[in-house]
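**Student:** only geometry, no sequence info:
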C-alpha cells in the first residue's frame, strides 16, 4: 500500500472516529437547517427551493421538510415570485439572519479554540497543507472535466 493510500485510510479512520465531535453535533443538530440558513445568509438574495436542493446536494423532499421547519421557527419566509406565480422564493427573516450570525460565531469560536491548542507553528502548517490539498483537488477536478 502506498503512503497516499495509507494516509487516506488514516484520514477516513479519524473522521469516522470523531463523527460525534462538537463540530458534527453543531452541523447536524438541526438535520439540514443549519446548512440551509448558512447558504441563504451567504447567497444574500431570494432563491427557489429547487436551487437550494441543487446547491446543497439535498433531495427536494428533504429541502421541503427543512424549509417547513425553518418557516415554523420564523427563520425563513416563502413567497410567490411576483414575476412568475409558479415560482416560490425563499428568504431569511431577521430571526433567520440572527441565527446564521450566531452559528457562524459559534463555529469561528470553536476553530479559534482549536488553533490556540495547536499553536502557531502547527496552525500555519495546517493552513499551508490544506491550501495545497484544495489546490490539488481543483487540479484533478479540472482535469476530469477536460477529459469529458
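**Tutor:** Structure's in. What do you need? These numbers were taken from a predicted model, which means no experiment stands behind them. Residues are numbered from 1 along each chain as shown.
**Student:** next SSE downstream of the lowest-mean-pLDDT helix or strand in the chain?
**Tutor:** Least confident helix or strand of the chain, by mean pLDDT, DSSP states H and E, is helix 22-28 with a mean of 52. Next in sequence after helix 22-28, counting helices and strands by DSSP states H and E, comes helix 33-43.
**Student:** may I see the buried residues of that next one?
**Tutor:** Across helix 33-43, burial judged by 16 or more other Cβ atoms under 10 Å covers 33-41. C-betas here are computed from N, CA, C, even on glycine.
**Student:** got it, and stretch 113-133?
**Tutor:** Neighbour counts over stretch 113-133 (16+ other Cβ under 10 Å) mark no residue as buried.
**Student:** equivalent analysis for stretch 130-145, please.
**Tutor:** Within stretch 130-145, no residue qualifies as buried by neighbour count (16+ other Cβ under 10 Å).
**Student:** can you offset everything so residue one is 13?
**Tutor:** Understood, numbering begins at 13; the last thing we discussed is stretch 142-157.
**Student:** outside of that stretch itself, list whatever touches it.
**Tutor:** By Cβ atoms under 8 Å, 6 or more residues apart in numbering, the list of residues contacting stretch 142-157 from outside is empty.
**Student:** can you check the pLDDT for the closest residue to residue 47 other than its chain neighbours?
**Tutor:** With Cβ to Cβ, 6 or more residues apart in numbering as the criterion, residue 47 has its nearest non-adjacent residue at 5.9 Å, and that residue is residue 68. Looking at residue 68, its pLDDT is 90.
**Student:** who's in contact with residue 68?
**Tutor:** Listed by Cβ under 8 Å, 6+ apart, the contact set of residue 68 reads 44, 47-48, 51, 75.
**Student:** turn the buried residues of helix 45-55 into a markdown table, columns for distance to residue 120 and pLDDT.
**Tutor:** Formatted as a markdown table, the buried residues of helix 45-55 follow (distance: Cβ to Cβ, whole Å; pLDDT from 0 to 100):
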| residue | distance to residue 120 | pLDDT |
| --- | --- | --- |
| 45 | 19 | 91 |
| 46 | 14 | 89 |
| 47 | 16 | 90 |
| 48 | 19 | 94 |
| 49 | 15 | 94 |
| 50 | 12 | 91 |
| 51 | 17 | 93 |
| 52 | 19 | 95 |
| 53 | 14 | 94 |
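**Student:** perfect, that will be all.
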